[in-house]
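Asker: missing the sequence, but the structure's below:
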Ligand SMILES: [Zn+2]
């Protein structure tokens, strides 16, 4: 982790192109899950192409004939008019993923191998109780906010922005990685699903692709100023702890359009952007979306 932090810091500082490339190479070596794979599945006369990260937290993009029905996790996958679709594998996805194709009136199973990751755990003891569990007076509010977030994450929108190339939403130092988990006073907390990018308060946050704004809230309990973007096909991205917002719900925004500024609102210990990506209820690793 600290190695990733140092290297990503240096990449921002160094101007020499050649040294920059070496540093990017080192970063990729340190973060080995960046590798994408291709897979071609042939069933009778039907061909299915899959490309992406077959790993926990990874997203795979597929292409096949536009009329083929595909099922994953009891869900019929949305396809574009040219037969493209996406599948995501959550943080704790088991080693095997079952993908079903409806061919000749039958569901044909194809098993995919999903690479398992090891996540960092951090044990912290002797914390004040109120730091570990939110006070009871906030529970109702937290429940309400979580319900709205859950509804947005269940959207299966008919826009195809997910097939665009993703860029980092802000520049800074990676101070937290996907999947890590803290054990506070012996209680395992929810894993950290975001990539934390530490940057000065007021740093611009830009949309990584075109998107539709589904949430623009100034003050959520955990995440403070929060923007949720919809990239289509069940993929949403979340930007937390913002000091100010530049978009409103329903806006159709362009790639690189400013959505807000880095801050430390909500439960946060310093200015940083917490960037998350979901495929429906599955948590994905935003770092895997960036292809250098
Ligand atoms: Zn975070």
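Answerer: Done, it's in. These figures come from a predicted structure and were not determined experimentally.

Asker: my guess is residue 290 contacts residue 166, does it?
Answerer: Yes - under the criterion of CB atoms under 8 Å, residue 290 makes contact with residue 166 at 5.9 Å. Just so you know, the C-beta spots here come from the backbone N, C-alpha and C atoms, and that holds for glycine as well.

Asker: who's more crowded, these two?
Answerer: Set residue 290 next to residue 166 and count neighbours by other CB atoms under 10 Å: residue 166 wins out with 21 against 13.

Asker: now that one. Nearest residue, chain neighbours left out?
Answerer: Nearest residue to residue 166 in three dimensions, chain neighbours excluded: residue 289, at 4.0 Å (CB to CB, 6 or more residues apart in numbering).

Asker: correct me if wrong: the one you found contacts residue 231.
Answerer: No - the criterion here is CB under 8 Å, and residue 289 misses it with residue 231 at 9.8 Å.

Asker: which residues are in contact with the residue of the stretch 151-292 of the chain found nearest the ion?
Answerer: Using CB to the ion, the closest approach of the stretch 151-292 of the chain to the ion is made by residue 274 at 3.4 Å. By CB atoms under 8 Å, 6 or more residues apart in numbering, the contact list for residue 274 reads 176, 194-196, 223, 238-241, 268.

Asker: likewise for residue 207?
Answerer: Applying CB under 8 Å, 6+ apart to residue 207 gives the contacts 169, 229, 253-257, 259.

Asker: out of the residues you listed, who has the most neighbours?
Answerer: Neighbours here mean other CB under 10 Å. Within the contacts of residue 207, the largest count is held by residue 229, at 27 neighbours.

Asker: local confidence estimate at the residue lying closest to that one once chain neighbours are set aside?
Answerer: Once flanking residues are discounted, residue 229 sits nearest to residue 211: 3.8 Å by CB to CB, 6+ apart. Looking at residue 211, its pLDDT reads 98.

Asker: renumber starting at 18 from here on
Answerer: OK, 18 is where the count begins now, so the last one is residue 228.

Asker: wait, residue 228 touches residue 244, no?
Answerer: No - using CB under 8 Å, residue 228 is not in contact with residue 244, being 9.5 Å away.

Asker: these two touch, right, residue 186 and residue 256?
Answerer: Yes - the pair residue 186 / residue 256 is scored as a contact, 6.5 Å apart, by CB under 8 Å.

Asker: okay, and the common contacts of those two?
Answerer: Contact criterion CB under 8 Å, 6+ apart; residues shared by residue 186 and residue 256: 222, 276, 290, 292.

Asker: low-confidence stretches in the stretch 68-217 of the chain?
Answerer: The stretch 68-217 of the chain contains residues with pLDDT under 70 at 147-149.

Asker: is it true that residue 69 touches residue 80?
Answerer: No - in this structure residue 69 lies outside contact range of residue 80 using CB under 8 Å: 11.4 Å.

Asker: more neighbours, these two?
Answerer: The residue with more neighbours, out of residue 69 and residue 80, is residue 69; 20 against 17, by other CB under 10 Å.

Asker: quick one, what contacts residue 307?
Answerer: When contacts are counted by CB under 8 Å, 6+ apart, residue 307 is found next to 183-185.

Asker: how about a cut-off of 6 Å?
Answerer: By CB atoms under 6 Å, 6 or more residues apart in numbering, residue 307 lies in contact with residue 183.

Asker: which parts of this structure belong to which domain?
Answerer: Following automatic domain parsing, one gets these domains for the chain: 19-47, 51-130, 138-306.

Asker: deepest of the ones you listed, which one?
Answerer: Of the domains of the chain, the one with the most neighbours on average (mean count of other CB atoms under 10 Å) is domain 138-306, at a mean of 18.

Asker: distance between that domain and the chain's centre?
Answerer: Its chain's C-alpha centre and that of domain 138-306 lie 9 Å apart, by CA atoms, centre = their mean, to the nearest Å.

Asker: for residue 155, what are its contacts?
Answerer: Here residue 155 is in contact with residue 238 (criterion: CB under 6 Å, 6+ apart).
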